[in-house]
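Colleague: pasting the sequence and the predicted coordinates here, then a few questions.
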Amino acid sequence: MNSFRQILLHIFVWVSLLLMFMFMHTNGGNITRTTIIIFVYFGIVNISIFYINYLFILPTFLDRKKYLWCGLAILFVVIFFAFIKCGLAYYFYDIIITRVSGKRKWVLNFWEYFLSATLVSCFFIFLSTILKFIIDWFRNEKIKSNLENEKLISELAFLKSQINPHFLFNSLNNIYSLAYQKSDKTPEAVLKLSEIMRYMLYESNENLVKLDDEIRYVENYIELQRLRFKDTVYIKFEIDGDTHDKKITPLVLISFVENAFKHGIATDKDNPLTIVLNVTSNKLFFQVINKKSNLNKDETGGIGLQNVKRRLDLLYKGEYRLHIEDNEAVYNCELYLDL
């Protein structure tokens, strides 16, 4: 909210309050000169107390943790304005100081009115202090929320930046293997890698992408692996359900598939690498099962699965379930995700 709108809001609130109290004081009757004097003059004084504390004393002393000076400043303002109120009261002696109840008429002494004026001033000090704490709390919560969002965005950007080098490193190793074998399929593998990298660099920059595009990306990766293993790779990729008009955060599914190829066995005809993707309503089930290999170990430790787990925590907190079964023979990964 800009400053001009804040000023208008404050003016509206104070005018509304003054009119409401004037109406209540007169029981809905005519507003007299006495009412105007009481509510306008003394209203201005009390509003001044409110803003002196809210705009000057609290920001100058309380925000800087100068509590003693803050207390002394408030005490000075309360006493100072109590004397001003007493001066106004004696100026309008017949209206303010003189009290009438039926046939009885009496005059308030100075200290009685001074005490009353002090208590009213303390009330407006209290109101302004409460408002200050409320505004500061909301402002701090907003700052905290913005910082958390910035941290989230930065962490997601970092995690996503790790995917490309990690994927490229593994794919180049595969293409190197084809080139080393002088395979005729090396150019086709390079072309597939080019298509995959195009998706990673340009089409996956949004927070959400079409599920069909992500599936096509996984299929391209599988084709790249088929070229690597020639005709000795056995893969079952099953897709069931309506995948149209569904969206998913990019580069999540690929990590599980890549992990299966890197650490599993895809050349066993009796135990093919199985990938299942099922969409029911707005829920996705993704499963990757592979026979484990004891030969293909990553000595430096992979970042793929740790990366995707962290991204799922950040983007789908409370909206996903990841179950991993890791035994001596089989690695089974199941992802349940709310789209």
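Modeller: All right, it came through fine.

Colleague: and stretch 259-270, what's its mean pLDDT?
Modeller: The predicted model gives stretch 259-270 an average pLDDT of 83.

Colleague: quote the end-to-end distance of it.
Modeller: 20 Å (CA to CA, to the nearest Å).

Colleague: where does the chain dip in pLDDT?
Modeller: 1-2, 20-37, 93-107, 146-167, 170, 202-205, 230-231, 294-304 (pLDDT under 70).

Colleague: could you break it into its assigned domains?
Modeller: Per the record, the chain has its domains at 32-145, 183-338, by automatic domain parsing.

Colleague: look up how far residue 55 lies from residue 6.
Modeller: The gap separating residue 6 from residue 55 is 12 Å, by CB to CB, to the nearest Å. C-betas here are computed from N, CA, C, even on glycine.

Colleague: the strands in the chain, which residues?
Modeller: Assigned by DSSP state E, the strands in the chain fall at 98-101, 104-107, 209-210, 235-241, 247-248, 264-265, 273-280, 283-292, 320-326, 330-338.

Colleague: now the domains of the chain as a markdown table including mean neighbour count and distance to residue 17?
Modeller: Below are the domains of the chain laid out as a markdown table (neighbours: other CB atoms under 10 Å; distance: least, CB to CB, whole Å):
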| stretch | mean neighbour count | distance to residue 17 |
| --- | --- | --- |
| domain 32-145 | 15 | 8 |
| domain 183-338 | 16 | 44 |
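
Colleague: helices along this structure, start to end?
Modeller: 3-25, 33-36, 42-52, 67-91, 93-96, 110-180, 186-198, 211-229, 253-263, 304-315 (DSSP state H).

Colleague: those: which one's closest to residue 338?
Modeller: For the helices of the chain, the distance to residue 338 is smallest for helix 304-315, at 11.0 Å, taking CB to CB.

Colleague: helices and strands around the closest one, which ones?
Modeller: On a contact count with 3 or more CB pairs under 8 Å, 6 or more residues apart in numbering; DSSP states H and E, helix 304-315 meets helix 110-180, helix 253-263, strand 320-326.

Colleague: quick one: which of the helices of the chain is nearest residue 333?
Modeller: Of the helices of the chain, the one closest to residue 333 (CB to CB) turns out to be helix 253-263, at 5.0 Å.

Colleague: next, the angle from the closest one to strand 235-241.
Modeller: 160 degrees (axes from the mean of the first three to the mean of the last three CA atoms, to 10 degrees).

Colleague: number the chain from 47, please
Modeller: Sure, I'll start counting at 47 from here, so that last one is helix 299-309.

Colleague: for residue 336, give me its contacts.
Modeller: 306-307, 309-312, 319-320, 376-377 (CB atoms under 8 Å, 6 or more residues apart in numbering).

Colleague: could you find the closest non-adjacent residue to it?
Modeller: residue 310 (3.0 Å; CB to CB, 6 or more residues apart in numbering).

Colleague: identify the residues contacting that neighbour.
Modeller: 319, 336-339, 342, 377.

Colleague: switch the cut-off to 7 Å
Modeller: Going by CB atoms under 7 Å, 6 or more residues apart in numbering, residue 310 touches 319, 336-339, 377.

Colleague: tell me the one among those residues nearest to residue 138.
Modeller: Among the contacts of residue 310, and counting by CB to CB, the member closest to residue 138 is residue 377, at 89.0 Å.

Colleague: isn't that closest one right up against residue 338?
Modeller: Yes. In this structure, residue 377 is within contact of residue 338 by CB atoms under 7 Å, at 5.3 Å.

Colleague: how distant is stretch 229-244 from the center of its chain?
Modeller: In terms of CA atoms, centre = their mean, to the nearest Å, the centre of stretch 229-244 is found 40 Å from the chain centre.

Colleague: residues in contact with it: which ones?
Modeller: Under CB under 7 Å, 6+ apart, the answer for stretch 229-244 is 217, 221, 224-225, 263, 266-267, 269-270, 273-274.

Colleague: what about 10 Å?
Modeller: 210, 213-214, 217-218, 220-226, 250, 262-264, 266-274, 276, 300 (CB atoms under 10 Å, 6 or more residues apart in numbering).

Colleague: next one: stretch 255-266
Modeller: 238-239, 241-242, 244-246, 249-250, 254, 283, 285, 288-300, 302-304, 321, 323, 325, 330, 332, 385.

Colleague: make it 7 Å
Modeller: Contacts of stretch 255-266 (CB under 7 Å, 6+ apart): 238, 241-242, 245, 249, 285, 289-290, 292-294, 296, 299-300, 303, 323.
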